[in-house]
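1. Have a look at this prediction, sequence included:
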Amino acid sequence: MDILQLIANGIPAGVMYSLVALCIVLIHNGTNVVHFGYGDQITFAAYLVVITQTLFGAPLWLAIASSVVISALFGLFIYLAILAPIRKTPLLVQVIATLAIGTALREGMRAFMGPDPWPFPALVAPRIFNLGGVFITSANVAAVAIAVIITVALFVFFKVSKYGQAIIAACENAKGASIVGISVTKVFASIWIVASVLAAVSAILMAPVVTLSPDMGLIAIKGFCAAVLGGFTSLPGAIVGGILLGLIETTAGYYISTAAKDVVAYGVLIAVVIFMPQGLFGKAQLKKV
Amino acid sequence: MRTSTVAKAAAFVAFGLWGANPVFADSTGVTDSTIKIGFVGSMTGPAAIWGSGNMAGATLAFEELNAAGGVNGRKIEFITVDDETSAPKGIAGFNRLVQSDKVFAVFGPSSSAVGVPMKATMASSGVPVLIPSFSSPLMTEPPAPNIFRVGAINDRMQGRGIANYLVNTDKRTKIAILRQSDEYGATGAGAVGDRLKELKMAPVANEVFNAADTDFTSQVLRVRSANPDAIVVYGYPAPSAIITRQLREVGIKAEIIGSSATSNQNYPELVGKIGAGTKFVTTLEHQPESDFPAIKKFREAFQKRFPDLARQGRPALGDTLGYAGALTMIEAIRQAGKDLTREGYVKALESMDGYETGISMPTHLSATNREGNTKMYIAVIKDDLTREVLPGAIETK
């Protein structure tokens, strides 16, 4: 029976990683930037809910809506004020900039909201379902369901909608896209907005489960691993990579040793990087010489 | 060479020199009207949970003292350094306070991860250091002549106290341990295991977790397989809160007891209703939210002085221990008299036997003992998520 419980808990644990991985991949695919501050952006969005509720006494729905809107504007700000001006600098400069954004957010939240963890309101009423000895919580069900909806929506958006295809075109060949009339600046800005909205959604799902603190964004380390496992360019790969990582961690911890949990999980990751550098869902990169 | 070995060697040499050489009066940092006190602690980074509180509490105590005219006619000049939860920065900060600012004594640091690597530097400096909160026993084992701890209880003692409580008071016979993988968890949970061994018992499960982890399914299921009647969770607040929830979510009904790191005022809300009945170690007989007169007076003064921190639901444990630690420091300076020297201050600390701040545990120090507190209480989270300290202090020596 424990194996079923491991699966029942391992999937939602992995979904938390998937949500982070999804947006890291989205930003990377869309703008070529690896956003090392994304975990902290999620934390920031979660704090926005708490701030709106605590300081302004807003009801939960309004606090969530405020968080989504402010996150979207903040994403736009990051792009227009920081990353657009340095778009033509070496990639390393842009990566350092994202690290700086993350650190500033983390320490800013620590200074403004204090170093202690904060209780975060549950999106769904806390309930535990007993399915023949396997316990499943309402928070985990909600996280998995919303992650699936987000993935399907993004998949359809990029495959079906004209705007989604414009984004892909701009990403693959910015110069070519601008020649055919696609505004690369608008496309990049919209990617940052979408990823930032998803940061708020992830925050609302994540914070009640993993506990809100200034360091909650460290979960992004696992998100990056999930993205690498999935292929770093594939949105479904990010989801599958996260879930796989969650399952590997829980089963390795249970069947081998809790002390060896991370050793096994990261060992698998290293093996994938060595033997399948393109990840599980990524395409092998061919370079003509 | 391991840091702890270096610290032990430095402390040994320092203690040897202390006894072998004549002591010269050292009044560095003292003028006719002021005493320079340095603070090095974590105001940013993960350990700010304790450091920012230690600093805020001490600031309030020193400001109150200065407003009342100071101690023996001198006012406190408080110089602070942020170690950013980094041991190298802690060492650099300590050296700056001692060498550039030339402080009389140091208050802090605030976390084991920073403080333990600093011990050798602190011990060799000879500058008196008063630690108000963190709990690594390595700071006082072996004792250094100039390093004291008050208020908090060290992890070795705490682990013994937890085992004593579960076995002798609660009559538990199947105890599982879930501990953080770092030195904090290893020392505290190790002490639980050692004490159980002395009591002719062994933990039925002993699992580890990382402080930054967000899912603990494998640990809680392994614990469930062992069918314990009590579970010790020795870790920081965020992982302990998730673990407590997950233990209950998979149907475990055993008693759960957390380390003193989970004695912060908002911990019950972090865990939620599912955590009602969870116990934890506390070194405060009266919690910061209580209406005990001395606590209430401190809370009101703190919230008036720091309205931005009051908004965060503070004062918390770190603030309270910072305030109480500073009161202890002030009392020792007072007892050292008008001709204040470091030696006189150290002697005054060593002579404290039962000094009470009114908000923390009494301080018992001596010429051979640098650990001011050896007692703790057990508290419980009630159904309405308020906290109740159970009667009877537990001796942990």
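-> Perfect, I can see it now.
2. quick one: B:Pro132 from chain A, how far?
-> Relative to chain A, B:Pro132 is positioned 16 Å away (Cβ to the nearest Cβ, to the nearest Å). (Glycine included, C-beta is placed from N, CA and C.)
3. Look up how far B:Phe209 lies from the residue nearest to that residue when sequence neighbours are not counted.
-> Closest residue in space to B:Pro132, ignoring its immediate chain neighbours: B:Gly325 at 2.8 Å, by Cβ to Cβ, 6 or more residues apart in numbering or on different chains. Counting by Cβ to Cβ, to the nearest Å, the gap from B:Gly325 to B:Phe209 is 30 Å.
4. Then B:Asp229?
-> Distance of B:Asp229 to B:Phe209, given as Cβ to Cβ: 21 Å.
5. One more: A:Ala143?
-> 21 Å.
6. Work out which residue lies at the spatial centre of chain B.
-> Nearest residue to the geometric centre of chain B (Cα atoms, centre = their mean): B:Ser133, 2.5 Å.
7. Please identify which of B:Asp229 and B:Phe209 sits among more neighbours.
-> Higher neighbour count among B:Asp229 and B:Phe209: B:Phe209, with 27 against 16, using other Cβ atoms under 10 Å in any protein chain shown.
8. Tell me which residues touch the more buried one, please.
-> A:Thr258, B:Leu178, B:Arg179, B:Gln180, B:Ser181, B:Phe216, B:Gln219, B:Gly235, B:Pro239, B:Ile243 (Cβ atoms under 8 Å, 6 or more residues apart in numbering or on different chains).
9. ok, now with 7 Å
-> With contacts defined as Cβ atoms under 7 Å, 6 or more residues apart in numbering or on different chains, the neighbours of B:Phe209 are A:Thr258, B:Leu178, B:Gln180, B:Ser181, B:Phe216, B:Gln219, B:Gly235, B:Pro239, B:Ile243.
10. number of nearby residues for B:Leu199?
-> Neighbour tally, B:Leu199, other Cβ under 10 Å: 14.
11. Look at the closest residue to it other than its chain neighbours and say how many residues are nearby.
-> Leaving aside its sequence neighbours, B:Leu199 sits nearest to B:Val167 (Cβ to Cβ, 6+ apart; 5.2 Å). The criterion is other Cβ under 10 Å. On that basis, B:Val167 has 19 neighbouring residues.
12. again with B:Val281
-> 26.
13. again, but for A:Tyr255
-> By other Cβ under 10 Å, 14 other residues sit near A:Tyr255.
14. Not counting sequence-adjacent ones, nearest residue to B:Thr320?
-> Closest to B:Thr320 by Cβ to Cβ, 6+ apart is B:Pro288, at 5.1 Å.
15. and A:Pro115, what helix or strand is that in?
-> Under the criterion DSSP states H and E, no helix or strand holds A:Pro115.
16. Run through the residues that contact it.
-> A:Pro115 sits next to A:Pro214, B:Ala48, B:Ile49, B:Ser52 when contact means Cβ under 7 Å, 6+ apart.
17. Find the nearest non-adjacent residue to it, please.
-> Using Cβ to Cβ, 6+ apart and skipping the chain neighbours, the partner closest in space to A:Pro115 is B:Ala48 (3.6 Å).
18. for A:Ile182, same thing?
-> In space, and not counting its chain neighbours, A:Ile182 is closest to A:Ala166: 4.9 Å by Cβ to Cβ, 6+ apart.
19. how close does that neighbour get to chain B?
-> Between A:Ala166 and chain B the distance is 36 Å, computed by Cβ to the nearest Cβ.
20. Kindly report the same for A:Ser196.
-> 21 Å.
21. Is that residue inside a helix or a strand, and which specific one?
-> For A:Ser196, the host element (DSSP H and E) is helix A:184-210.
22. for B:Asp291, same thing?
-> Assessed by DSSP H and E, B:Asp291 sits outside every helix and strand.
23. How about A:Ile243?
-> Applying DSSP H and E as the criterion places A:Ile243 in helix A:235-255.
24. Which residues are in contact with residue 269?
-> Let's take chain A. Going by Cβ under 7 Å, 6+ apart, A:Leu269 touches A:Cys225, A:Val228, A:Leu229.
25. Oops, wrong one, chain B.
-> Shown in contact with B:Glu269 (Cβ under 7 Å, 6+ apart): A:Pro119, B:Leu385.
26. Setting aside sequence neighbours, what's the nearest residue to the residue in chain B positioned nearest to chain A?
-> Chain A sits closest to B:Ser218 of chain B, with a gap of 2.7 Å, by Cβ to the nearest Cβ. Nearest residue to B:Ser218, sequence neighbours excluded (Cβ to Cβ, 6+ apart): A:Gly253, at 2.7 Å.
27. Can you give me every residue that contacts that neighbour?
-> A:Gly253 makes contacts with A:Lys261, B:Ser218, B:Gln219, as judged by Cβ under 7 Å, 6+ apart.
28. A:Gly108 - how many residues pack around it?
-> Look at A:Gly108: counted by other Cβ under 10 Å, it has 14 neighbours.
29. Can you get me a residue count around the residue lying closest to A:Trp118 once chain neighbours are set aside?
-> Using Cβ to Cβ, 6+ apart and skipping residues adjacent in sequence, the residue nearest A:Trp118 is A:Leu212, 4.8 Å away. Applying other Cβ under 10 Å, we find 23 residues neighbouring A:Leu212.
30. I'd say A:Leu212 and A:Gly114 touch.
-> No. At 11.4 Å, A:Leu212 does not count as touching A:Gly114 under the criterion of Cβ atoms under 7 Å.
31. What pLDDT is listed against residue 241?
-> Chain wasn't specified; assuming chain A. Among the per-residue scores, A:Gly241 holds a pLDDT of 93.
32. wrong chain, I was asking about chain B
-> Confidence at B:Ala241, expressed as pLDDT, is 96.
33. What is the distance between whichever helix or strand it is part of and the centre of its chain?
-> Using DSSP H and E, B:Ala241 sits in helix B:237-249. Distance of helix B:237-249 from its chain centroid, counting by Cα atoms, centre = their mean, to the nearest Å, is 22 Å.
34. Quick one: mean pLDDT for the following helix or strand past that helix?
-> Remark: after helix B:237-249, the chain's next helix or strand is strand B:255-258, criterion DSSP H and E. Averaging pLDDT along strand B:255-258 gives 98.
35. same for strand B:255-258, what does it pack against?
-> With contacts defined as 3 or more Cβ pairs under 7 Å, 6 or more residues apart in numbering or on different chains; DSSP states H and E, strand B:255-258 has these neighbours: strand B:230-234, helix B:237-249, strand B:279-282.
36. Single out the most deeply packed of the ones you listed.
-> Highest mean neighbour count of these: strand B:230-234, a mean of 29 (counted as mean count of other Cβ atoms under 10 Å in any protein chain shown).
37. can you list contacts of that strand?
-> Contact with strand B:230-234 is made by B:162, B:166, B:170, B:172, B:175-180, B:185, B:188-189, B:192, B:223, B:240, B:243-244, B:247, B:254-259, as judged by Cβ under 7 Å, 6+ apart.
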